[in-house]
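Q: The sequence and its predicted three-dimensional model are supplied below.
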Amino acid sequence: MRKVLLVLLILVAAGLVAADRLGVRVAEDKIGEQVAAQYNLQERPDVTIHGIPFLTQAVGGEYKHIEVAIGDWTQQGVTVTGVKVDMRGVDAPLSEVTKGGAADVTARTATASAVVPYDVIQKQAPKEVRRIGPKGDDLSVDLTGNVLGFPVNGTAVVEVEPTAKGIAITPVSVGSNGAAQIPLALVKRQLTWVVPVSDLPVGSRISKIQPTPEGLRVAATAQNVRLNDLQAPAQK
């Protein structure tokens, strides 16, 4: 009898685990469909619902952590890559999830992150900028050409800062390869530019910027976000 009960318990446990995994896949697919419709995406984004057991979260309509990988994102003609939305404290009634709705799906906090590739940044740069790469919390750029009539051939360190218009890039020091040193104020006048990416899908302004080998990793965080209110991307 003990062996029979043990086998039954194992089967029940296995069934619950299978149901739990099936349930999380269904929910992830439904949320992915809703996000794809919201953003007019050609492919459904990858959705990951963290936490075990899933069924307990589903029945209660509360999820600790949900990640949505959107991919590319275009704003004012500038495309960033690897866009992800990390949602914490998600309130999603089971009825909304199962029917693919999002009217009542909210997150206590939502953080969107993305990478602005260096080739995208250079497209917005003045013609004198030949190369861009990371240098600690700043960027290093190679310069060739003329700045207000002065020949320039060297490198500069530029700082990056989030603003209402986008990512502002401003020289903070300039070096030269044998040429006369150009006053920094003159360099700033001609070689300061803005990459017009100010917001991310959560509808909040970029607040963090970190140079990486691939580009600038940016992030924006918003509070009490409704899935239906996620900002739609601009058309390419």
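A: Received the coordinates, thanks.
Q: that's a strand at residue 164, yeah?
A: No: read with DSSP: H, G, I helix; E, B strand; the rest coil, residue 164 is coil and lies in no strand.
Q: And for it, nearest residue in space, chain neighbours not counted?
A: residue 198 (6.1 Å; Cβ to Cβ, 6 or more residues apart in numbering). To be clear about C-beta, it is placed using only N, CA and C from the backbone, and glycine gets the same treatment.
Q: what ranges do the strands span in this structure?
A: Along the chain, counting by DSSP state E, strands occupy 46-49, 62-75, 78-91, 106-117, 129-135, 138-147, 150-162, 167-176, 193-195, 208-211, 215-226.
Q: The shortest one: which residues count as buried?
A: Think strand 193-195. Buried residues in strand 193-195, defined by neighbour count with 16 or more other Cβ atoms under 10 Å: 193, 195.
Q: what is residue 210 paired to in the beta sheet?
A: Counting by DSSP bridges, residue 210 is bridged to residue 217.
Q: can you tell me how far it sits from residue 138?
A: 11 Å (Cβ to Cβ, to the nearest Å).
Q: related to what we said a few turns ago, count the neighbours of the residue nearest to residue 164 for me.
A: By the measure other Cβ atoms under 10 Å, the count of residues near residue 198 is 19.
Q: show me the contacts for it.
A: Counting by Cβ atoms under 8 Å, 6 or more residues apart in numbering, residue 198 makes contact with 75, 162-167, 205-206.
Q: Using the record's assignment, carve this protein into domains.
A: As given by the TED database, the domain ranges for the chain are 1-116+225-230, 119-196.
Q: What mean pLDDT does the first one get?
A: Predicted confidence along domain 1-116+225-230 averages 68 (mean pLDDT).
Q: For residue 209, give me its contacts.
A: 160-162, 167, 216-218.
Q: Now the residue nearest to residue 164. Its backbone dihedrals?
A: phi -110, psi -30 (degrees, to the nearest 10).
Q: One more: the one 3 residues further on?
A: The phi/psi pair for residue 201 (degrees, to the nearest 10) reads phi -50, psi -20.
Q: What is the neighbour count of it?
A: 26.
Q: does it really touch residue 85, like I thought?
A: Yes: taking Cβ atoms under 8 Å as the definition, residue 201 is a contact partner of residue 85 at 5.8 Å.
Q: just checking, residue 169 touches residue 160?
A: Yes: between residue 169 and residue 160 there is a contact at 5.6 Å, judged by Cβ under 8 Å.
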